[in-house]
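Asker: Here's a sequence, model it:
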Amino acid sequence: MERNVDTGDAALDEKLEEWLAYDQYQPTRDEILSLLHDKNYDELRNLLMKRLAFGTAGLRAKMGAGNSCMNDLVVIQTTQGLLRHIQASLSEVEKRGVVIGYDARHNSKRFAQLSSAVFLSQGIRVYLFSDIVPTPYVAYAVRHLGCVAGITITASHNPKQDNGYKVFWDNGAQIIPPQDELIAKSINENLEPRSASWNTSLVTESPLCSDPLQDISAAYHRQLAAASYHRVENENSDFLFTYTPMHGVGQQFAADAFRVFGLKPFISVKEQAEPDPDFPTVTFPNPEEGKSALNLAMATADSRGSTVILANDPDADRLAVAEKRPDGTWHVFSGNEIGALFAWWLWDNHKRSHPDLPASKVAMMSSTVSSKIIATIASQEGFHFDETLTGFKWMGNLTKQRTEEGYKVLFAFEEAIGFMVGSEVLDKDGVSALAAMAEMAVHLNTQKKTLSSQLDDIYQKYGYHAANTSYYICHSAETIARIFNRLRANAEYPSHCGDFVIKSVRDLTTGYDNAQPDCKSVLPVSSSSQMITFTFEDGSVATLRTSGTEPKIKYYTEVRLPPGGDKATAQQHLEKLQQQLVEEFLQPEKNGLIPRPTS
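Answerer: Numbers count the residues shown, from 1 in each chain. Have a look, this model is predicted:
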């Protein structure tokens with residue numbers, strides 16, 4: 001250790017000395033030294049005493065100095081641990097190499113170069129993208145290049161002060177347990193940075209480092225072109241779309257996808273078209289927030305006579321869709337509504353183009369907190385349906401398994417506007433989803449229909465599914481634990497939620513599920529996250545869960561009616577269920593929860 005520190009706290013002194021011995025990046029060293037000079041020991045404890053946890057989503061946190069933030073040293077330590085785990089788990093690591101990409105956030109390129117240096121310094125091939133790319137490009141590249149893993153530096157739609165580190169395994173899907181725990185253990189065993197790990201000049205000097213951008217773009221476009229069902233219609237249509245990448249990476253990649261599908265160029269939201277890590281025009285760079293995030297896109301569309309808006313989040317793995325109503329107002333489709341449209345579209349086109357493939361060999365899937373609309377369609381149409389835990393890490397890995405079992409996986413989705421169209425990318429992909437949605441809108445337009453009218457037709461045929469998703473912000477882990485522990489109360493779960501009688505409870509934190517004969521959950525259990533689902537006697541469903549990447553308690557409610565059911569009645573029923581769920585189970589005022597921002 002390079003210096004003696006005496007704060008009066010021996011454990012803090014040890015962490016301070018370790019940090020100052022390990023960190024070679026002057027700005028973060030200065031940040032720690034300034035706090036030490038000012039004797040701000042509480043802040044030093046916050047930054048140094050607890051390490052940023054590596055999970056299935058990798059890392060995501062505020063950028064800054066210390067073990068609890070995203071910075072050069074944490075990235076190097078994480079990559080050193082990941083490297084050792086890969087070497088212990090997989091074969092031909094040096095030959096197969098890793099692929100590394102990054103988004104347009106502050107420090108993303110530098111973090112990607114540092115990650116590359118760790119591998120290159122150990123004689124391992126690195127495919128480092130020379131420019132910003134969508135997250136799904138990295139997932140796609142893992143399989144296309146035959147890599148042992150992929151890393152993308154991104155915080156997706158988090159606030160501008162955050163960054164992250166996401167890992168794809170050699171199957172092209174995100175890691176799932178126990179890989180995350182094994183990687184975390186390896187990180188803790190490899191904390192001391194090797195001197196060569198800081199040498200970013202290896203990126204330009206090592207013959208083991210190459211740029212896969214042109215190869216991956218060309219290959220991705222070939223598989224994307226094969227996913228178009230109505231190219232002639234696309235080429236003959238003058239339908240006007242408006243697109244925004246939300247200050248992220250998507251602009252050029254979305255334009256390329258439109259070109260590949262034969263679609264006319266979209267109208268760009270000029271204020272948001274260029275990558276900007278400060279996201280100056282939005283409070284939250286997340287199109288899932290709806291109208292508050294799409295105001296500029298709506299103004300642009302209104303000025304140009306465009307009736308459909310398509311939006312990607314900053315790393316282009318999510319897709320938002322809005323459509324102008326006849327009265328001039330805009331409807332922002334929920335993730336569940338977009339999921340219903342995609343499920344209908346892909347199934348209908350697949351049947352027409354593959355009449356000889358039995359429905360029983362076709363599969364779709366969605367996460368357990370998403371609408372049950374695909375399950376309903378599957379039960380009527382005869383194709384296979386899987387429900388997974390929340391997150392594309394589960395759907396991506398299950399897609400690989402189902403494909404190996406002989407299924408044709410057409411689609412997977414989660415309500416948080418994440419869509420996997422086809423199975424070439426084993427993760428949510430906002431670029432391919434954007435092209436497919438545009439083609440759907442063009443096709444419907446030729447039939448004098450809209451996305452909204454088609455959604456109504458889907459619900460008329462399969463039954464109305466009224467669903468809603470929202471959240472409260474909570475920065476206190478103790479408060480979150482208290483809320484969920486009150487509900488489970490030593491396995492004595494509530495029997496009612498207001499006027500709604502509870503039929504069964506599934507607690508994926510503890511593994512309890514009284515809908516099963518042995519009261520044990522079929523879905524995987526995670527004691528590190530909170531998630532309880534209530535199924536009611538009338539068929540309605542409600543789920544409460546914590547977010548894996550943000551300080552949120554999310555709640556999901558859905559009411560399902562048989563075909564021909566009354567939409568207004570379902571909406572009233574849904575609103576009542578949601579109100580009583582919040583009031584009785586979350587108790588926001590008592591627990592000091594912060595409501596979801598409305599603008």
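
Asker: going forward, measure contacts and count neighbours with C-alpha atoms only.
Answerer: Noted.

Asker: just the helices in the stretch 451-599 of the chain please.
Answerer: Assigned by DSSP state H, counting those that start in this stretch, the stretch 451-599 of the chain shows helices spanning 451-462, 477-488, 567-581, 588-591.

Asker: between those helices, which gets nearest to residue 70?
Answerer: Among the helices of the stretch 451-599 of the chain, the nearest to residue 70 by C-alpha to C-alpha is helix 477-488 (20.5 Å).

Asker: what mean pLDDT does the closest one have?
Answerer: What helix 477-488 shows for mean pLDDT is 94.

Asker: Counting by contacts, list what it packs against.
Answerer: When contacts are defined as 3 or more C-alpha pairs under 8 Å, 6 or more residues apart in numbering; DSSP states H and E, helix 477-488 packs onto no helix or strand at all.

Asker: which stretches of this structure aren't confidently modelled?
Answerer: 1-3, 599 (pLDDT under 70).

Asker: just to revisit the earlier point, and the helices of the stretch 451-599 of the chain as JSON lines, adding mean neighbour count and distance to residue 418?
Answerer: Shown next, in JSON lines, are the helices of the stretch 451-599 of the chain (neighbours: other C-alpha atoms under 10 Å; distance: least, C-alpha to C-alpha, whole Å):
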{"stretch": "helix 451-462", "mean neighbour count": "17", "distance to residue 418": "18"}
{"stretch": "helix 477-488", "mean neighbour count": "15", "distance to residue 418": "26"}
{"stretch": "helix 567-581", "mean neighbour count": "17", "distance to residue 418": "23"}
{"stretch": "helix 588-591", "mean neighbour count": "12", "distance to residue 418": "28"}
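
Asker: Residue 114 is nearest to which of these?
Answerer: Comparing these against residue 114 with C-alpha to C-alpha, the closest turns out to be helix 477-488 (32.2 Å).

Asker: chain center to that closest one: distance?
Answerer: Computed by C-alpha atoms, centre = their mean, to the nearest Å, the chain-centroid distance of helix 477-488 equals 25 Å.

Asker: got the contact list for it?
Answerer: 474, 493-494, 530, 553, 585-586, 591 (C-alpha atoms under 8 Å, 6 or more residues apart in numbering).

Asker: Kindly reformat the residues you listed as a markdown table containing distance to residue 256.
Answerer: As requested, the contacts of helix 477-488 are arranged in a markdown table below (distance: C-alpha to C-alpha, whole Å):
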| residue | distance to residue 256 |
| --- | --- |
| 474 | 40 |
| 493 | 52 |
| 494 | 52 |
| 530 | 40 |
| 553 | 37 |
| 585 | 47 |
| 586 | 45 |
| 591 | 48 |
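
Asker: which of those are buried?
Answerer: Buried members of the contacts of helix 477-488, counted by 16 or more other C-alpha atoms under 10 Å: 474, 493-494, 530, 553, 585-586.

Asker: which stretches of the stretch 101-250 of the chain form helices?
Answerer: 108-120, 135-145, 179-188, 202-205, 213-225, 231-236, 250-260.

Asker: Of all the ones you listed, which one is nearest residue 520?
Answerer: Closest of these to residue 520 is helix 179-188, at 23.3 Å (criterion: C-alpha to C-alpha).

Asker: how about the CA coordinates for the closest one, as CSV?
Answerer: C-alpha atoms of helix 179-188 as CSV (Å, rounded to 0.1, in the frame of the first residue of the first chain):
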residue,chain,number,x,y,z
GLN,A,179,-22.8,-17.7,-13.7
ASP,A,180,-23.3,-14.3,-12.1
GLU,A,181,-22.3,-15.6,-8.7
LEU,A,182,-19.3,-17.4,-10.1
ILE,A,183,-18.2,-14.3,-11.9
ALA,A,184,-18.7,-12.2,-8.8
LYS,A,185,-16.5,-14.6,-6.8
SER,A,186,-13.8,-14.4,-9.5
ILE,A,187,-13.9,-10.6,-9.5
ASN,A,188,-13.3,-10.6,-5.7
